[in-house]
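[1] A structural model of the following input is requested.
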Amino acid sequence: MTVAPHSLLVLGGARSGKSRHALEQARQAGSSVAFLATARALDGDMAIRIARHRAERPARWTTIEEPLERLLKSYRDEARLTTLGRITAASE
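    Have a look, this model is predicted:
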């Protein structure tokens, strides 16, 4: 039986546990994982958070760290499960 790839969209406020939830879902999936990390370390606090998130991801996962704009132009989905970390919506 072939299982089709699927996506997981996790929504929530800043520091609401989105990454923790997505990581747990990816671990439970038991398939290959591509983690798309789009956050930028614009201050020391964010640099610490990014480092913590890097340490939490298993080495066997494919991790792609790119700004969202560049990532959307170049990424090819080769994994069965893909997580996209941190999309920030800003009002103009």
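
[2] residue 36 belongs to a strand, doesn't it?
    Yes. Counting by DSSP: H, G, I helix; E, B strand; the rest coil, residue 36 is located in a strand.

[3] from what I see, it and residue 64 are in contact.
    Yes. In this structure residue 36 lies within contact range of residue 64 using Cβ atoms under 8 Å: 5.2 Å. To be clear about C-beta, it is placed using only N, CA and C from the backbone, and glycine gets the same treatment.

[4] out of these two, which sits in the busier spot?
    residue 36 (21 against 15; other Cβ atoms under 10 Å).

[5] the more buried one pairs with what?
    Assessed by DSSP bridges, residue 36 has beta-bridge partners residue 64, residue 84.

[6] residue 50 in helix, strand or coil?
    Secondary structure, three-state DSSP: residue 50 is helix.

[7] quick one, phi psi at the nearest residue to it once chain neighbours are set aside?
    Spatial nearest neighbour of residue 50, excluding adjacent residues (Cβ to Cβ, 6 or more residues apart in numbering): residue 41 at 5.4 Å. Note on residue 41: its backbone torsions stand at phi -80, psi 90 [degrees, to the nearest 10].

[8] switch to numbering from 570
    Renumbered: residue one is now 570, and that last one reads residue 610.

[9] quick one: pLDDT of residue 610?
    Residue 610 is assigned 88 on the pLDDT scale.

[10] to what extent is it buried, counted in neighbours?
    Neighbours around residue 610, by other Cβ under 10 Å: 12.

[11] and if you look at residue 637?
    For residue 637, using other Cβ under 10 Å, the count is 16.

[12] likewise residue 595?
    For residue 595, using other Cβ under 10 Å, the count is 22.

[13] and it, which helix or strand is it part of?
    helix 587-598 (DSSP states H and E).
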